[in-house]
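> The amino acid sequence is not available; the structure is as follows:
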């Protein structure tokens with residue numbers, strides 16, 4: 001839980017909050033639902049997804065403990081245009097729209113915290129868009145794995161990701177499952193990640209994976225990198 005926002009304090013001041021617990025791969029809200037509340041993740045991770053009229057799926061963002069989701073309802077965006085699905089078991093606080101709006105108007109510390117969060121989220125989404133437009137699917141996969149592993153947060157450099165399969169990674173990266181399979185096998189053989197051959201959804205991400213993101217080159221055959229272009 002983020003120390004700058006305590007749902008219990010929010011409930012005491014503005015009411016209209018409910019704590020919910022979900023298992024992995026459970027819908028928090030679904031595209032098309034009424035936009036009548038904001039959700040705050042107290043524990044766990046979730047995906048923000050969108051489905052096109054042609055039924056194509058894309059993952060727009062990963063949210064985790066300390067993040068809000070569904071906040072677009074505050075600008076009367078109803079029905080919802082995205083879905084939120086848990087990646088791991090989550091504890092979620094459901095905040096009624098009216099209470100959040102009242103808090104923004106009446107509680108300056110909350111308003112400053114909330115708007116700072118929204119601005120940081122916008123920067124993150126812009127970074128994701130730039131990453132998608134200019135980087136290879138291989139680099140995008142490496143970046144997604146590092147983000148899921150919370151690389152650099154709280155001094156952690158060796159982190160385990162749970163309950164994420166190759167199809168989910170493909171949706172996050174914007175590529176095919178077969179391409180993800182190829183890159184995951186390369187990363188594993190190069191020692192950047194570890195996971196079971198039967199693939200149980202548990203991935204150990206090593207700090208060395210950051211090399212893929214930082215180097216201006218793509219990994220070629222296992223154990224050999226493509227030379228930088230001139």
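Here it is on my side, so go on. Treat the numbers as computed from the prediction; the structure is a model and nothing was measured.

> Next one: residue 16 from residue 101, what distance?
11 Å (CB to CB, to the nearest Å). C-beta here means a position set from N, CA and C on the backbone, and glycine is covered the same way.

> Just say helix, strand or coil for residue 133.
helix (DSSP: H, G, I helix; E, B strand; the rest coil).

> List the residues that contact residue 78.
By CB atoms under 8 Å, 6 or more residues apart in numbering, residue 78 lies in contact with 34-36.

> so who does the residue positioned nearest the centre of the chain touch?
Nearest residue to the geometric centre of the chain (CA atoms, centre = their mean): residue 62, 0.8 Å. Contact analysis of residue 62 by CB under 8 Å, 6+ apart lists 45-48, 87, 144, 147-148, 172.

> Now do the shared contacts for residue 16 and residue 101.
Counting by CB under 8 Å, 6+ apart, nothing touches both residue 16 and residue 101.

> Widest-spaced pair of the contacts of residue 62?
Spatial extent of those (CB to CB) is set by the pair 46 and 144 at 14.5 Å.

> which of those two has more neighbours?
In terms of neighbours (other CB atoms under 10 Å), residue 46 is the more surrounded of residue 46 and residue 144; the figures are 28 against 22.

> Locate the more buried one within the secondary structure: which element?
Assessed by DSSP states H and E, residue 46 sits inside strand 45-51.

> Report the buried residues of that strand.
By 16 or more other CB atoms under 10 Å, the buried positions in strand 45-51 come out as 45-49.

> remind me which residues of this structure are low pLDDT?
1-4, 77, 152-158, 163, 196-201, 215-230 (pLDDT under 70).

> Count residues in the vicinity of residue 93, would you?
The number of residues near residue 93, taken as other CB under 10 Å, comes to 22.

> how close does residue 79 get to residue 193?
Residue 79 is 38 Å from residue 193, by CB to CB.
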